[in-house]
Structure formats: structure tokens, C-alpha cells
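>>> Need coordinates for the below:
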Amino acid sequence: MQADGRATVRLVSLPMYLANRAAVRMFWELLRHHLRAQGLDRLPAELSWPDDYHAHWQTPDLLLSQTCGYPLTHALAHQVQLVGCFAYRAPQCHGIDCRSVLVARSEHAHLALEDFRGLRVAFNATDSQSGYNALRARIAPLAQRGRFFESAIATGGHSASVAAVRESQADLAAIDCVTYAALQRYAPQATQGLCIVGTTEAYPGLPLVSALATPVAEVALLQQALRAVVASAQAAPTLDALDIVGFETPALSTYQRCVEMRACAEALGYLALD
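Next up, the predicted model:
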């Protein structure tokens, strides 16, 4: 409640796949319509676009957002509720499961993954499932005395990692396959001169979350509304623009795969991407 007695507007964001922001905004319009029809109030007219993701995800008034599987099982463990997960159309997706694509310059298209030993890797952030944790697990069996790459650079985002490889600042990067498919679709110049030389193992896709304080009944309404939008003929063009083909409500234990990937790499003595 605000100081003037007015109810606080809830916080909603879909911040992870932004290659087509207009479509993301339209998705919220469609979802908001369904939520209002179900009697949910205090809905924002516009999405939030957070700069500080972790502070955003831990906001008590968070109604809906999208995070990453690694933070869900680590920094956000017992901090948020799992609402569900979209299924996407990218070639490396199967249901809600997806893989990271290993991106290199076309001059390295002939190399096997082990041939990147001693070269340079780019990653978005150390708490990223797609850009770091999954790649660390993939490289761990190839590492020697805890090392594989000559160097590793943190770029702050998948698009920046793609650019780092294209501009020869790095030689390999693991990119969320939905992100890479969106770049190929909406910004093909960003992937010119690049190729996919492999994939990571599969892991569950980006979880949709809500604050711990969100009542169970409201989480159920969110799930009903998300199912309705994904099944709606009216939403078909928006879903096509976002490559969304389904919505599921997996158990939280599904994301244990992220924990297992970290444990696998640690057991092999490969603690960091270098």
C-alpha cells in the first residue's frame, strides 16, 4: 500500500529474450487481458525492464518475471516461486528442454571441441546456466589440471559474447539456443561469419517466477492465463514472433539438472571457465 492509501501496482517483467521487444510487450497485453478477466488486480499497464536483475527478482511485489535456471537453484533458491516455463521452437529445443549452441567463427568450423584447447572463450556471466554452467560441464571432461582455455572474458550478455567471437576477441562462446535463433532471425548481421560447432547437454529452459509472497491461488491464475494465451488463436502472431510453442509447469526438482552440471564439473576439478 502506498502512503496515500492506493494499492501498489505489481511488478511484471519478461526480461530475458528481447530481440523483438514489441512482441514481448504485446504478449503482456494479451496476458494482462486474461489476468484481468480472472479478477487479478494491481496489474501494471507496462512491463518493467530491470537493470539489476537480482534485485528485481527478489522484489516482494514481483508478480511475474523470467530468470535463469542457475540462479533459480543457487542465488534465488527459496527466494522465489516457480510458475512455469515456455517451450520454444529453436532447433536445439525439445519441449521445455534446450541446449546452448557452441559458436565459433567459420574459419574454425572444422574443429572438434577438444581442438579449442588453448584458445579463448567468452561468456555472459558466471551465474548463467546457458553461457557458463552448461559450458563448464561440457568442457570439464576435456580439461587438464583444471584448465582448458587460454583465457576467458566476461561480456555481460549473450549478444556481446557473439560479438566477441565475431570480432576475434574470443574463439568460442556458449549461447542460449533461443537467443541465437532470435539473432539469426532479427539481427542476422550479428551472426555473419559464425558457425555452430556443437552443443551443451540439455537442461530445462528459463523459468518463469513470482515472489514468495504471491498467494498460491494467484500463481494458479498466472498458470491458467499463460496456458490460455499460448493456446489462443489471437496470440498466434505474437507467439510466432517470440518462437514460443508451448507452456509447461515443471516441478522445481526439474532444475536440479543445473546443480548436477555444476557438481559434475567440480568433481572433475574444473571449477572455472579457463
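>>> List the residues that contact Ala134.
Contact analysis of Ala134 by CB atoms under 8 Å, 6 or more residues apart in numbering lists 99-100, 174, 200-201, 203, 261. Every C-beta, even on glycine, is put in place using the N, C-alpha and C of the backbone.
>>> Could you check how far it is from Ala173?
From Ala134 over to Ala173 the distance is 12 Å, taken as CB to CB, to the nearest Å.
>>> now do Glu107
15 Å.
>>> For these two, indicate the residue with more neighbours.
Neighbours were counted for Glu107 and for Ala173 using other CB atoms under 10 Å; Ala173 has more, 29 against 11.
>>> give the contact list for the more buried one.
By CB under 8 Å, 6+ apart, Ala173 lies in contact with 102-103, 121-123, 131, 158, 161-162, 164-165.
>>> at 7 Å instead, please
Contact analysis of Ala173 by CB atoms under 7 Å, 6 or more residues apart in numbering lists 103, 121-123, 161-162, 164-165.
>>> hang on, isn't Ser128 packed against Cys68?
Yes: at 6.0 Å, Ser128 counts as touching Cys68 under the criterion of CB atoms under 7 Å.
>>> helices or strands up against the longest strand seen in the chain?
For the chain, the longest strand by residue count, based on DSSP state E, is strand 80-88. Applying 3 or more CB pairs under 7 Å, 6 or more residues apart in numbering; DSSP states H and E, one finds that strand 80-88 contacts strand 207-211, helix 216-231, strand 244-248.
>>> As a markdown table, those with mean neighbour count and mean pLDDT would be great.
As requested, those are exported to a markdown table (neighbours: other CB atoms under 10 Å; pLDDT from 0 to 100):
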| stretch | mean neighbour count | mean pLDDT |
| --- | --- | --- |
| strand 207-211 | 24 | 98 |
| helix 216-231 | 17 | 97 |
| strand 244-248 | 18 | 98 |
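>>> of all those, which lies closest to Cys195?
Nearest of the helices and strands packed on strand 80-88 to Cys195, taken as CB to CB: strand 244-248 at 25.3 Å.
>>> Direction included, what does that closest one pair up with?
Sheet pairing of strand 244-248 (DSSP bridges) gives strand 80-88 (antiparallel).
>>> who's in contact with the strand it pairs with?
Applying CB under 7 Å, 6+ apart, the contact partners of strand 80-88 are 57, 64, 93, 95-96, 98, 178, 204-212, 214, 219, 222-223, 226, 243-250, 252.
>>> and after it, which helix or strand comes next?
The first helix or strand that comes after strand 80-88 along the chain, using DSSP states H and E, is strand 97-98.
>>> Give me the residues contacting that next one.
If you take CB under 7 Å, 6+ apart as the criterion, strand 97-98 is touched by 88, 90, 92, 177-178, 202-205.
>>> do the same with stretch 154-168
With CB under 7 Å, 6+ apart as the criterion, stretch 154-168 contacts 103-105, 122-125, 131, 153, 170-173, 175-176, 179, 183, 190-191, 193-194.
>>> average model confidence for it?
The average pLDDT for stretch 154-168 rounds to 98.
>>> can you dump the C-alpha coordinates of it into PDB?
What follows is stretch 154-168, C-alpha atoms only, in PDB (Å, rounded to 0.1, in the frame of the first residue of the first chain):
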ATOM      1  CA  ALA A 154      33.100 -11.900 -19.300                       C
ATOM      2  CA  THR A 155      30.900  -9.900 -21.700                       C
ATOM      3  CA  GLY A 156      27.800  -9.200 -19.700                       C
ATOM      4  CA  GLY A 157      25.400 -10.600 -22.200                       C
ATOM      5  CA  HIS A 158      24.900 -13.300 -24.900                       C
ATOM      6  CA  SER A 159      24.800 -10.800 -27.800                       C
ATOM      7  CA  ALA A 160      28.100  -9.300 -26.500                       C
ATOM      8  CA  SER A 161      29.600 -12.800 -26.400                       C
ATOM      9  CA  VAL A 162      28.500 -13.400 -30.000                       C
ATOM     10  CA  ALA A 163      30.100 -10.100 -31.000                       C
ATOM     11  CA  ALA A 164      33.300 -11.000 -29.100                       C
ATOM     12  CA  VAL A 165      33.700 -14.200 -31.100                       C
ATOM     13  CA  ARG A 166      32.800 -12.500 -34.400                       C
ATOM     14  CA  GLU A 167      35.300  -9.700 -33.700                       C
ATOM     15  CA  SER A 168      38.100 -12.200 -32.800                       C
END
